[in-house]
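J.: Based on what follows, work out the 3D shape:
(4 chains)
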There are 2 protein chains.
Amino acid sequence: MVSMTSTAPVASHGPVTRKDVARYAGVSTAVVSYVVNGGPKRVAPATEAKVQDAIRVLGYRPNAAARALKLGSSETLGLIIPDNSNPFFSLLAHAVEDAAAELGFALLLTNSGGSLTKERRHIRNLAARQVDGVFLASVLFEPDLEDLAKADIPCVLLNNDRETEGFNSIGVDLAAGARTAVEHLLWHGHTRIGLAMGTNVSNDIDGRELGWREALRDAGVAEGPIIHSDFTRLGGYLAGQRLLAGPDRPTAIFASSDMQAIGILRAIHEAGLAVPGDIAVTSFDGVADAEYSWPALTTVEQPVRAMAAAAVTALVGAARHEPAQHRIFPTALHVRQSCGCPDGNAPQGA
Amino acid sequence: MVSMTSTAPVASHGPVTRKDVARYAGVSTAVVSYVVNGGPKRVAPATEAKVQDAIRVLGYRPNAAARALKLGSSETLGLIIPDNSNPFFSLLAHAVEDAAAELGFALLLTNSGGSLTKERRHIRNLAARQVDGVFLASVLFEPDLEDLAKADIPCVLLNNDRETEGFNSIGVDLAAGARTAVEHLLWHGHTRIGLAMGTNVSNDIDGRELGWREALRDAGVAEGPIIHSDFTRLGGYLAGQRLLAGPDRPTAIFASSDMQAIGILRAIHEAGLAVPGDIAVTSFDGVADAEYSWPALTTVEQPVRAMAAAAVTALVGAARHEPAQHRIFPTALHVRQSCGCPDGNAPQGA
DNA sequence: TTTGACTATTGACTCGAGTAGATCCGAAAT
DNA sequence: ATTTCGGATCTACTCGAGTCAATAGTCAAA
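T.: The predicted structure follows:
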């Protein structure tokens, strides 16, 4: 190589655009696009090589904003959850991110903090950002999706066990799950089973409360005390204290979330009582924390990864205007020690 | 209201654009922009009212992709963390999201899973998406930021205690924090203090190991056993088992993360030993889980929210090409029960 | 009534990439 | 030697919003 006067030096100012690549490779901009996208037109192998070379040398990355503008798709999905520091939701977010990445979508994460105002603001914001879809773990059963509908942005409701006409949704059978957990306590011989129930913004009765009630009724056992409190460790702790202080103390407690159960365990320990000896505990969600509490929690696990994958599938389907689907996943009882089973090998059924 | 024939019905096909608003309000598109942005030119109050009206009626939201293309800014930041289901990182992500939202930025969340390949892929992807900045909690001490540099995208390294020339970074003083935790164990009279250390991809020695070593040396106490394992509950559990099975069992253990400590607690419980009676434990991070373990963990807390806020500030500064800054935050020892303090009111110093 | 000094508004170009339609060129068919 | 065909390539318009230079409009002073 005698000189390099024929190939222009890298311009270096500002980001590299398609035009720069075209100039460097000595072709038109259209060809560059065709090469980058395996475009709608074929390109001669020799030309393709030149272009690929130019791309490599210049370090060209197509501008996503321009692409999004032209194609009307940002290859981005939005996720709205109440609180990413809650283990259940952080696990869900992780699973959704993985499933979305699988299909080349990036994930815009937002926390609503359980506030309806914030939730609404985030929805509008995501709509303005031209996301291709939104996953919403709403604080309400029927969130306001008008902004999304206007922009023709599909949405799937996460963590939602009720079917609502025209809404895509993914959830678990809360009532059935709760039933399994309570039935397991009944199987252990308990007859005074309390409930620590989380509080939702909506006033509708939660499926877990229903499941608890049904299991007791079917077993012909009187309902134990119910305490409503936050779906948090602290909420569980406070609920636990009240449950222990009440007139006739339950011998077993079903908690509507693992976080609450962890708070309850603490309240029980502080009262100098033993789990499961004095009080047995089962709970809901199946997050990692449950396995490492002391004693390990017998809990009803939600198949989070499967749900996340299904959510992404549903969203893609919705984007193609396929009819809304509602999927309910089954839960699985993980028997560990907090229920009274000595080694976690007790019968899973009944 | 007699009729509504005078106001044109909403066009309804496709998303509403600036042009639609302009037509509806009977003005030019430029005026619409001026109104939306408090634009570079003034608009007569009467006209502004007409435009605002049109915007409200039509439900207009400016197209973020077009904006991003024109302005070269997507009002979006990227966050790369190893694992959003790890409580420390999910807390960090939440804090960063809040701080970013404060300034009108949305957050693109990605999980590297501790893999360098994935980390690199995510960096390229974020660069292509024209994010305005990237927060990176890297698996390495000197990650490859070439793609970001090329695109002139600022980056701040999170969870980073080493200063590296030309890199913005935020972190805590790992060594000092570890020191406090170990010194507290020494104060309790322990002289055989083991270390459960997490494993990093890099082979550099971790600040926490340094702090542990220094504290022991300064106290004239021989080094206890070290076990290296994952920064996870399981990692801690396995490390705990090995620490207990070793030739001369430590009477206290310092764990490099709360997650590990939680695993260790379990190993100790399973061995039929008491915490802190037989073995005292202290750890690092200060996540919520530490407060609700049994016994509650004495831990060195990282000021996550303050760090997140500082990270956002640093990123904004870097975007203005201010010189790179490196901020180290102090940690705070939270005394609870796992160390042997009966009520959590023990001296914080020494 | 004209000029000047503004202000409000508009037209038109731009950002970077996708792609339809036009054009170019070489080889096979006549 | 033409004509025809078809693949390769290029030209030019588009997406939606920001913004400057030019224009229209308004009112007070001369």
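
J.: what about residue A:312, distance to DNA strand D?
T.: Computed as CB to the nearest atom of the strand, to the nearest Å, the residue A:312 to DNA strand D distance reads 26 Å. For every residue, glycine as well, the C-beta is placed using N, CA and C.

J.: any idea whether that residue is helix, strand or coil?
T.: At residue A:312 the chain is in helix, as set by DSSP: H, G, I helix; E, B strand; the rest coil.

J.: What ranges in chain A fall below the confidence cut-off?
T.: By pLDDT under 70, the low-scoring segments of chain A are A:1-14, A:343-350.

J.: Please enumerate the strands of it.
T.: Across chain A, reading from the start of the chain, the strands by DSSP state E fall at A:76-81, A:106-111, A:133-136, A:155-157, A:168-172, A:193-198, A:226-229, A:252-255, A:280-285, A:298-301, A:326-329, A:332-334.

J.: Quick check, central residue of chain A?
T.: When chain A is reduced to its mean C-alpha position, the nearest residue by CA atoms, centre = their mean turns out to be residue A:92, at 3.0 Å.

J.: That one reaches residue A:81, doesn't it?
T.: Yes: shown here, residue A:92 and residue A:81 form a contact pair, counting by CB atoms under 8 Å, at 6.7 Å.

J.: Give me the common contacts of the two.
T.: With contacts defined as CB atoms under 8 Å, 6 or more residues apart in numbering or on different chains, the residues shared by residue A:92 and residue A:81 are A:137, A:158.

J.: Output the set of residues of chain A in proximity to DNA strand D.
T.: For chain A, the contact set with DNA strand D under CB under 7 Å from any atom of the strand comprises A:26-31, A:34, A:41-44, A:46-47, A:66, A:69-70, A:72.

J.: Among those residues, name the buried ones.
T.: Burial of the residues of chain A next to DNA strand D was assessed by neighbour count (16 or more other CB atoms under 10 Å in any protein chain shown); the buried members are A:27, A:31, A:34, A:43, A:66, A:69.

J.: any idea how far the closest residue to the fourth one other than its chain neighbours lies from residue A:22?
T.: In space, not counting the residues next to it along the chain, residue A:43 is nearest to residue A:34; the distance is 5.0 Å by CB to CB, 6 or more residues apart in numbering or on different chains. Plainly put, residue A:34 is 11 Å away from residue A:22 if you go by CB to CB, to the nearest Å.

J.: do the same with residue A:44
T.: Here the distance between residue A:44 and residue A:22 works out to 15 Å (CB to CB).

J.: what does residue A:310 give?
T.: Between residue A:310 and residue A:22 the distance is 43 Å, computed by CB to CB.

J.: distance between the ends of stretch A:321-330?
T.: Using CA to CA, to the nearest Å, the end-to-end distance of stretch A:321-330 comes out at 27 Å.

J.: should've said stretch A:124-132
T.: By CA to CA, the extent of stretch A:124-132 from end to end equals 13 Å.

J.: buried ones in stretch A:152-162?
T.: Of the residues in stretch A:152-162, those buried by neighbour count under the rule 16+ other CB under 10 Å are A:153-161.

J.: And for stretch A:220-227?
T.: Buried positions in stretch A:220-227, judged by neighbour count with 16+ other CB under 10 Å: A:221, A:224-225, A:227.

J.: In a markdown table: these, plus distance to DNA strand C.
T.: What follows is the buried residues of stretch A:220-227, written out as a markdown table (distance: CB to the nearest atom of the strand, whole Å):
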| residue | distance to DNA strand C |
| --- | --- |
| A:221 | 64 |
| A:224 | 61 |
| A:225 | 62 |
| A:227 | 57 |
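
J.: From the recorded domain assignment, give the ranges for chain A.
T.: In the assignment given by automatic domain parsing, the structural domains of chain A cover A:1-62, A:76-172+A:304-330, A:174-302.

J.: a markdown table please, covering those domains and showing distance to residue B:293.
T.: Compiled in a markdown table, the domains of chain A are given as follows (distance: least, CB to CB, whole Å):
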| stretch | distance to residue B:293 |
| --- | --- |
| domain A:1-62 | 46 |
| domain A:76-172+A:304-330 | 14 |
| domain A:174-302 | 8 |
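
J.: Of those domains, which is nearest residue A:336?
T.: domain A:174-302 (3.8 Å; CB to CB).

J.: Hmm, residue A:141 and residue A:204 touching each other?
T.: Yes: counting by CB under 8 Å, residue A:204 does reach residue A:141; the two are 6.0 Å apart.

J.: Looking at those two, which is more packed in?
T.: residue A:141 (17 against 11; other CB atoms under 10 Å in any protein chain shown).

J.: ranges for the helices of chain A?
T.: When assigned using DSSP state H, the helices of chain A occupy the ranges A:18-25, A:29-37, A:45-58, A:64-71, A:87-102, A:116-128, A:146-150, A:174-187, A:207-219, A:233-245, A:258-270, A:288-292, A:304-319.

J.: right, so those helices: which one is the most enclosed?
T.: Between the helices of chain A, the one whose residues have the most neighbours on average, counting mean count of other CB atoms under 10 Å in any protein chain shown, is helix A:258-270 (a mean of 26).

J.: Now do that helix: which elements does it pack against?
T.: If contacts are counted by 3 or more CB pairs under 8 Å, 6 or more residues apart in numbering or on different chains; DSSP states H and E, helix A:258-270 sits against helix A:87-102, strand A:193-198, helix A:233-245, strand A:252-255, strand A:280-285, helix A:288-292, helix B:288-292.

J.: Export only the CA atoms of that helix, formatted as CSV.
T.: Below are the C-alpha coordinates for helix A:258-270, written out as CSV (Å, rounded to 0.1, in the frame of the first residue of the first chain):
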residue,chain,number,x,y,z
ASP,A,258,-43.5,-14.0,51.9
MET,A,259,-42.5,-10.6,53.0
GLN,A,260,-45.3,-10.5,55.6
ALA,A,261,-44.4,-14.0,56.7
ILE,A,262,-40.9,-12.9,57.4
GLY,A,263,-42.2,-10.0,59.5
ILE,A,264,-44.5,-12.5,61.3
LEU,A,265,-41.6,-14.8,62.0
ARG,A,266,-39.8,-12.0,63.7
ALA,A,267,-42.8,-11.1,65.8
ILE,A,268,-43.1,-14.7,66.9
HIS,A,269,-39.4,-15.0,67.7
GLU,A,270,-39.5,-11.8,69.7
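
J.: and the residue lying closest to residue A:126 once chain neighbours are set aside, what does it touch?
T.: In space, and not counting its chain neighbours, residue A:126 is closest to residue A:78: 3.7 Å by CB to CB, 6+ apart. For residue A:78, the contacting residues are A:107-108, A:110, A:122, A:126, A:129, A:131, A:133-135, taking CB under 8 Å, 6+ apart as the criterion.

J.: And the closest residue to the residue nearest to the centre of chain A other than its chain neighbours, how close does it get to DNA strand C?
T.: Setting aside the residues directly before and after it, residue A:92 is nearest to residue A:304 in space (CB to CB, 6+ apart), at 5.6 Å. As judged by CB to the nearest atom of the strand, residue A:304 and DNA strand C stand 34 Å apart.

J.: Enumerate every residue touching residue A:19.
T.: By CB under 8 Å, 6+ apart, residue A:19 lies in contact with residue A:29.

J.: same question, residue A:168
T.: Going by CB under 8 Å, 6+ apart, residue A:168 touches A:154-157, A:314-315, A:317-318, A:324-326.

J.: From the residues you listed, pick the one nearest DNA strand D.
T.: Distances from DNA strand D to the contacts of residue A:168, taken as CB to the nearest atom of the strand, are shortest for residue A:154 (18.2 Å).
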